[in-house]
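>>> Pasting the sequence and the predicted coordinates here, then a few questions.
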Amino acid sequence: MPKLYTDHQLFKVHQVMHCLEDAGIPCVLKNEFAQGAVGELSAIDNLPEVWLIDEEWRPKAQALITQLMAAPLETEDAHNDWICQVCTAENEAQFGVCWQCQSSC
């Protein structure tokens, strides 16, 4: 099993793993909980890692990781607040249901 990806941030490693799983690429997450042992074990050896089950998946997996890392992060300015058509209440962009009357946007 070859190592494909590692990062200090467990969240990023989980993102990569879930992206690969969604694409049908078999992979394994290692060292998910090992960061708690830093100090007793080497910090480098405790980084969370994504490993491929088979090397033949590497080109497709690497392309997906490149695409994932190139995607822009959403910011608050990426979406606009919206006005409910039923009760005219103003709602924040992340909500798909009106806070006042519970109708869909």
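Okay, I see it. The structure displayed is predicted, hence computed values, not measured ones. Numbering: from 1, shown residues only.

>>> how does this protein divide up, domain by domain?
Per automatic domain parsing, the domain ranges recorded for the chain read 3-70, 75-105.

>>> so of those, which one's packed in deepest?
domain 3-70 (a mean of 14; mean count of other C-beta atoms under 10 Å). Any C-beta I mention is one placed from the backbone N, CA and C, and that applies to glycine too.

>>> which residues in the chain form helices?
Along the chain, the segments classed as helices by DSSP state H run 10-22, 58-70.

>>> Would you mind giving those as TSV with distance to T88 and mean pLDDT added?
Output for the helices of the chain, formatted as TSV (distance: least, C-beta to C-beta, whole Å; pLDDT from 0 to 100):
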stretch	distance to T88	mean pLDDT
helix 10-22	38	93
helix 58-70	39	93
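
>>> Output those in TSV; the columns should cover distance to F95.
As requested, the helices of the chain are exported to TSV (distance: least, C-beta to C-beta, whole Å):
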stretch	distance to F95
helix 10-22	24
helix 58-70	26
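
>>> how about those, which one is nearest V86?
helix 10-22 (35.7 Å; C-beta to C-beta).

>>> That closest one vs helix 58-70, what angle?
Angle of helix 10-22 versus helix 58-70, following axes from the mean of the first three to the mean of the last three C-alpha atoms, to 10 degrees, is 130 degrees.

>>> Contacts only, for the residue sitting furthest away from the middle of the chain.
Distance to the chain centre peaks in the chain at C87, reaching 35.6 Å (criterion: C-alpha atoms, centre = their mean). When contacts are counted by C-beta atoms under 8 Å, 6 or more residues apart in numbering, C87 touches 98, 100-101, 103.

>>> Might you list the low-confidence residue ranges for this protein?
Along the chain, the model assigns pLDDT under 70 to residues 35-39, 41-44, 72-79, 105.

>>> Which member of the contacts of C87 is positioned nearest L20?
Using C-beta to C-beta, these come closest to L20 at C98, 37.4 Å.

>>> All set now, cheers.
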